[in-house]
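Asker: Fold the stuff below for me.
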Amino acid sequence: MSLTGWAQKTVVWENPSAFMGKSNAEFKITKVEMKQTETLLHIRAVFTPNNWIRFAKESFLRTPDGKEYAITGGQGTTEKEFDLQPDSLFWMPASGMADLALHFRPVPLDTKEMDFLEGYGEGAFQFWNICDAKTKKEEEIPADWKNVTYAKDEMLPVAKINKNMATLKVKLLGYKPDMKLTLWVYGFIPLGSTGAYEKGFTFADDGTLTAEIPLRLAREVKIGINGLAQRSILIAPGQETSILMKLTNDQHPFLAFKGFFTKTNMDWVTEQEKQQDADMDNLMYDALSKCTTSDERLAWLTDFFKKRVADIKSSKYTTAAKDLLCMEAEGNFISWTRNFGTKYTMLQTRAGGVKIGSNEEYARISRENKNLLVLPESDDYTYQYLNESGSPCSEMFWNRSLSELDKTAEAKNPYNSDLQKLFFGYVFHKSGSEILSTIANGDCKTVALEFQAEQDRLAQELANQGNIYYQKHDDVAPENILSTILNKYQGKTVLIDVWATWCGPCRAGHQAMAPWKKELKGKNIQFVYITSSSSPLNTWQEMIKDIDGDHYYLTNEQYDYLLKHYESQGIPTYAVYDSSGNQTYKEIGFPGLDPIKEAVEQTLK
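Answerer: Next comes the predicted model:
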């Protein structure tokens with residue numbers, strides 16, 4: 001071939017296979033063009049409208065031999081593609097979608113795979129294992145994962161407290177050391193704790209990891225890797241669960257299970273994938289939005305629940321998987337019929353049926369939507385699936401409220417009832433004696449005593465720290481708690497931050513304010529942070545070490561009254577007071593640093 005003919009050749013990969021790494025944006029490479037003169041990545045970017053994205057000028061393509069090919073520009077190549085300048089802010093259009101073209105120095109035309117890396121830091125855009133989907137070769141299955149066999153059937157275990165750790169082992173095909181991916185385990189409150197569990201485990205260079213999870217009971221947990229699907233699986237203390245996964249963008253990364261409840265986990269993951277592929281949220285919203293009366297909505301949800309259970313029971317899944325899925329369906333039915341306003345507003349927002357600009361607006365619309373489904377006064381639902389002996393395996397079992405514990409269930413499964421009373425004792429921060437007075441089982445009593453001993457130890461540790469107020473104002477009436485706090489800081493400007501350890505926007509606010517707070521050193525201002533027992537005590541104790549200010553851990557009654565005073569149903573909630581105790585500013589939700597900074601500086605004048 002002549003040089004001229006070779007220069008005109010272009011290798012094209014339409015809709016190539018690629019795994020997008022840790023970014024939360026929804027970007028897709030729609031086409032790769034490899035030319036003698038340059039290589040182009042055509043990208044469809046989906047991101048928050050009127051917000052900016054940026055590709056660093058240090059971005060590059062990397063081929064398997066380790067060679068790097070730098071970005072050279074971002075000019076659009078068609079009428080639909082926007083122009084973009086590397087290292088400059090690109091503002092997303094109102095549609096929230098933009099077609100882009102990134103230009104790079106030319107990679108060899110015989111390249112079979114490449115990575116696009118903006119860098120290796122947190123938040124950097126990363127597309128891994130980019131290749132032609134038509135000729136993609138799957139990584140070979142490891143020898144010890146070939147011919148995995150599953151039991152014909154499995155039954156859910158009866159609840160039994162066990163102090164051993166649950167072991168989770170994962171092998172991720174297609175992994176590269178530079179990816180530095182994390183497997184997150186979350187979605188449950190361990191028995192013997194007041195807070196939700198959420199922990200990340202980093203993969204070794206060979207794509208393997210081993211994690212130990214504190215459960216005490218066989219439980220549903222959620223696992224996921226940023227950029228891959230998040231799924232529920234069943235693990236148990238004293239048992240090992242191994243998972244083979246692959247890097248993919250089709251939301252089907254699970255290949256096989258070994259160890260504890262392998263067939264049940266495989267069945268359960270398969271069904272979750274089917275439900276996601278069917279886009280059940282949009283199907284539910286379309287159907288419910290066409291109903292015109294409360295009775296129609298209740299009838300549709302009832303029929304939907306019955307059909308869902310019938311489909312599950314007629315499947316070829318294990319008995320354990322069917323039980324878990326039926327409990328999940330029942331829990332969703334109860335949640336929908338008891339919390340219709342909130343559930344419907346969530347789907348309404350996702351489907352674009354309503355635009356919501358603030359937490360207050362979301363709360364208002366949810367209250368209005370609550371009236372779209374009103375249960376009859378005679379409604380007295382009796383659980384069909386969540387009262388069985390294996391029910392504690394499902395997270396839906398723990399999502400019930402104390403008011404939903406009926407005498408029939410307690411008589412049928414007294415152990416399960418004691419577990420829930422113990423669990424709710426933690427959640428509502430009752431004392432050890434209050435918990436013990438409600439339960440009969442010896443194992444549950446032991447957990448309650450251990451819980452109280454740990455709370456007492458933490459309280460003693462906090463007692464002598466001058467800027468920490470834990471249990472020091474428990475006897476103050478809720479209506480007096482705000483004045484009690486403000487009176488301590490007479491003559492000072494006060495910034496109050498109502499937050500919780502599990503609140504992402506709260507933590508974002510803390511990080512954004514940290515440098516600014518250093519600038520205010522020596523100024524006449526006091527930062528006051530307020531939370532309650534919805535924040536696990538040990539987690540709170542660790543987090544506040546890095547948050548300069550005074551910290552208050554209120555009773556639930558005090559905390560709820562404070563939010564009511566601020567007319568707030570969400571956190572973070574911020575309020576600024578001048579040196580005379582007058583409120584000069586209030587904001588629900590983190591608005592960014594500038595509005596808070598301006599309010600404080602005006603008050604300090």
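Asker: what's around Leu283, how many residues?
Answerer: Neighbourhood size, Leu283 [other CB atoms under 10 Å]: 12. (Each C-beta comes from the backbone N, C-alpha and C, glycine too.)
Asker: Check for me that it belongs to a strand.
Answerer: No: under DSSP: H, G, I helix; E, B strand; the rest coil, Leu283 sits outside any strand and is assigned helix.
Asker: what about the helices in the stretch 251-400 of the chain?
Answerer: 262-277, 280-289, 294-313, 319-338, 340-350, 359-370, 395-398 (DSSP state H, counting those that start in this stretch).
Asker: who does the longest helix anywhere in the chain touch, helix- and strand-wise?
Answerer: Longest helix in the chain, counting residues (DSSP state H): helix 442-463. Helices and strands touching helix 442-463, by 3 or more CB pairs under 8 Å, 6 or more residues apart in numbering; DSSP states H and E, are helix 414-427, helix 432-436, strand 468-470, helix 537-543.
Asker: Among the ones you listed, show the one with the smallest mean pLDDT.
Answerer: Least confidently modelled of the helices and strands packed on helix 442-463 is helix 432-436, at a mean of 65 by mean pLDDT.
Asker: Take the helices of the stretch 251-400 of the chain and lay them out in CSV including distance to Glu113.
Answerer: Shown next, in CSV, are those (distance: least, CB to CB, whole Å):
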stretch, distance to Glu113
helix 262-277, 26
helix 280-289, 35
helix 294-313, 41
helix 319-338, 37
helix 340-350, 35
helix 359-370, 44
helix 395-398, 39
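Asker: if we can go back for a sec, relative to helix 414-427, how tilted is the longest helix of the chain?
Answerer: 10 degrees (axes from the mean of the first three to the mean of the last three CA atoms, to 10 degrees).
Asker: Go through the helices of the stretch 251-400 of the chain and name the closest to Ser389.
Answerer: Nearest to Ser389 among those is helix 319-338; the distance by CB to CB comes to 10.0 Å.
Asker: Distance from the chain centre to the closest one, please.
Answerer: Here the centre of helix 319-338 is set off from its chain's centre by 20 Å, with CA atoms, centre = their mean, to the nearest Å.
Asker: Any idea what the closest residue to Thr77 other than its chain neighbours is bridged to?
Answerer: Distance criterion CB to CB, 6 or more residues apart in numbering; nearest residue to Thr77, sequence neighbours excluded, is Ala101 at 4.8 Å. Legend: beta-bridge partners of Ala101 under DSSP bridges are His42.
Asker: Now the terminal residues of stretch 491-504, how far apart.
Answerer: Terminal residues of stretch 491-504 lie 32 Å apart, using CA to CA, to the nearest Å.
Asker: which of the residues in the longest helix of the chain are buried?
Answerer: Of all the residues in helix 442-463, those buried under the rule 16 or more other CB atoms under 10 Å are 443-445, 447-448, 451-452, 455, 462.
Asker: check contacts around the nearest residue to Pro392 once chain neighbours are set aside.
Answerer: Leaving aside its chain neighbours, Pro392 sits nearest to Ala159 (4.3 Å; criterion: CB to CB, 6+ apart). By CB atoms under 8 Å, 6 or more residues apart in numbering, the residues touching Ala159 are 217-218, 389-393, 415-416, 419.
Asker: how about the helices of the stretch 251-400 of the chain in TSV, adding mean pLDDT and distance to Pro595?
Answerer: Formatted as TSV, the helices of the stretch 251-400 of the chain follow (pLDDT from 0 to 100; distance: least, CB to CB, whole Å):
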stretch	mean pLDDT	distance to Pro595
helix 262-277	95	38
helix 280-289	90	33
helix 294-313	96	40
helix 319-338	95	35
helix 340-350	89	24
helix 359-370	82	15
helix 395-398	91	38
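Asker: Nearest to Ile235, out of those?
Answerer: Nearest to Ile235, of all the helices of the stretch 251-400 of the chain, is helix 262-277, at 8.7 Å by CB to CB.
Asker: Tell me what angle the closest one forms with helix 319-338.
Answerer: Calculated by the same axes, to 10 degrees, helix 262-277 forms an angle of 40 degrees with helix 319-338.
Asker: can you give me the angle helix 262-277 makes with helix 280-289?
Answerer: Using the same axes, to 10 degrees: helix 262-277 against helix 280-289 is 50 degrees.
Asker: pLDDT below threshold where in the protein?
Answerer: Within the chain, the stretches with pLDDT under 70 are 1-8, 22-25, 122, 357-360, 401-409, 425-435.
Asker: got the domain boundaries for it?
Answerer: 3-131, 152-264, 280-378, 399-463, 468-604 (automatic domain parsing).
Asker: which stretch among these comes nearest Lys146?
Answerer: For these, proximity to Lys146 was assessed by CB to CB; domain 152-264 is nearest, at 9.4 Å.
Asker: how close does Arg105 get to Ala440?
Answerer: Going from Arg105 to Ala440 by CB to CB, to the nearest Å gives 73 Å.
Asker: These two: which has the busier surroundings?
Answerer: In this view Arg105 and Ala440 are compared by other CB under 10 Å, and Arg105 has more residues nearby, 15 against 12.
Asker: distance between the ends of stretch 290-297?
Answerer: For stretch 290-297, the end-to-end distance is 9 Å (CA to CA).
Asker: Now do the buried residues in it.
Answerer: Residues 291, 297 are the ones in stretch 290-297 that count as buried (16+ other CB under 10 Å).
Asker: what comes into contact with it?
Answerer: 288, 300, 340, 371-374.
Asker: Greatest separation within those: which pair is it?
Answerer: Maximum pairwise distance among these (CB to CB): 16.8 Å, between Trp300 and Asn371.
Asker: Neighbour count: those two, which is higher?
Answerer: Taking neighbours as other CB under 10 Å, Trp300 and Asn371 compare with Trp300 leading, 16 against 10.
Asker: ok, the more buried one - contacts?
Answerer: If a contact means CB under 8 Å, 6+ apart, then Trp300 has 287-288, 291 as its contacts.
Asker: These into a markdown table, with extra columns for distance to Lys586?
Answerer: Converted to a markdown table, the contacts of Trp300 look like this (distance: CB to CB, whole Å):
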| residue | distance to Lys586 |
| --- | --- |
| Ala287 | 40 |
| Leu288 | 35 |
| Cys291 | 38 |
